[in-house]
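Enquirer: Dropping a prediction and its sequence here:
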Amino acid sequence: MKPIDFRRIALTLEGAEEGSHMGAVDFRVGGRIFATLAHQDEGYGNLMLTPDIQAEFISDLPEVFLPVHGGWGRMGATHIRLDKANEDVLTGALRAAWKLRVEKNTKPKVKKRTSRRP
């Protein structure tokens with residue numbers, strides 16, 4: 001797979017739009033990012049997953065998936081090695097990231113309490 005395949009598949013997901021964040025191509029649903037091509041020069045696409053889903057993907061296909069370095073990776077940001085992925089794997093991974101973002105977008109927002117000082 002190549003970045004053009006990542007883009008093509010991402011944009012087939014309902015409500016997905018292409019955008020840009022800090023000069024990198026991203027894919028959003030409901031205005032929020034679910035995937036990026038921030039590391040396409042290194043052969044990666046990036047998926048915004050949960051740590052648990054990330055661990056499952058890496059366990060199932062360690063040659064295809066790896067965490068993004070640093071704190072983003074610990075929070076579930078995951079690289080997919082495009083040249084090691086096939087159409088089904090890439091489609092499934094993008095769909096998983098998209099679905100997570102759609103679910104987060106539809107959850108009611110909890111208002112943070114502000115402390116009141118006399």
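Expert: Happy to help now that I have it. Numbers count the residues shown, from 1 in each chain.

Enquirer: Check which helices and strands the helix or strand hosting A96 sits against.
Expert: Using DSSP states H and E, A96 maps to helix 87-106. In terms of contacts (3 or more Cβ pairs under 8 Å, 6 or more residues apart in numbering; DSSP states H and E), helix 87-106 is packed against helix 3-10, strand 24-29, strand 32-36, strand 44-48, helix 51-60, strand 77-81. All C-beta spots, glycine's among them, are computed from the backbone N, C-alpha and C.

Enquirer: which stretch among those comes nearest L66?
Expert: Nearest to L66 among these is strand 77-81 (5.1 Å), distances taken as Cβ to Cβ.

Enquirer: thinking again about what came up before, now do the buried residues in the helix holding A96.
Expert: 89-91, 93-94, 96-98, 100-102 (16 or more other Cβ atoms under 10 Å).

Enquirer: Just the C-alpha atoms of that helix, please, in PDB.
Expert: Taking Å, rounded to 0.1, in the frame of the first residue of the first chain, the C-alpha atoms of helix 87-106 are listed here in PDB:
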ATOM      1  CA  GLU A  87      -5.900  -3.500   1.300                       C
ATOM      2  CA  ASP A  88      -8.000  -5.500   3.800                       C
ATOM      3  CA  VAL A  89      -5.600  -4.700   6.700                       C
ATOM      4  CA  LEU A  90      -5.400  -1.000   5.900                       C
ATOM      5  CA  THR A  91      -9.200  -0.700   5.400                       C
ATOM      6  CA  GLY A  92      -9.800  -2.500   8.700                       C
ATOM      7  CA  ALA A  93      -7.300  -0.300  10.600                       C
ATOM      8  CA  LEU A  94      -8.700   3.000   9.200                       C
ATOM      9  CA  ARG A  95     -12.200   1.900   9.900                       C
ATOM     10  CA  ALA A  96     -11.300   1.100  13.500                       C
ATOM     11  CA  ALA A  97      -9.800   4.600  14.000                       C
ATOM     12  CA  TRP A  98     -12.700   6.200  12.200                       C
ATOM     13  CA  LYS A  99     -15.200   4.300  14.400                       C
ATOM     14  CA  LEU A 100     -13.500   5.300  17.600                       C
ATOM     15  CA  ARG A 101     -13.500   9.000  16.600                       C
ATOM     16  CA  VAL A 102     -17.200   8.800  15.600                       C
ATOM     17  CA  GLU A 103     -18.000   7.200  19.000                       C
ATOM     18  CA  LYS A 104     -16.100   9.900  20.800                       C
ATOM     19  CA  ASN A 105     -17.800  12.600  18.800                       C
ATOM     20  CA  THR A 106     -21.200  11.300  19.800                       C
END
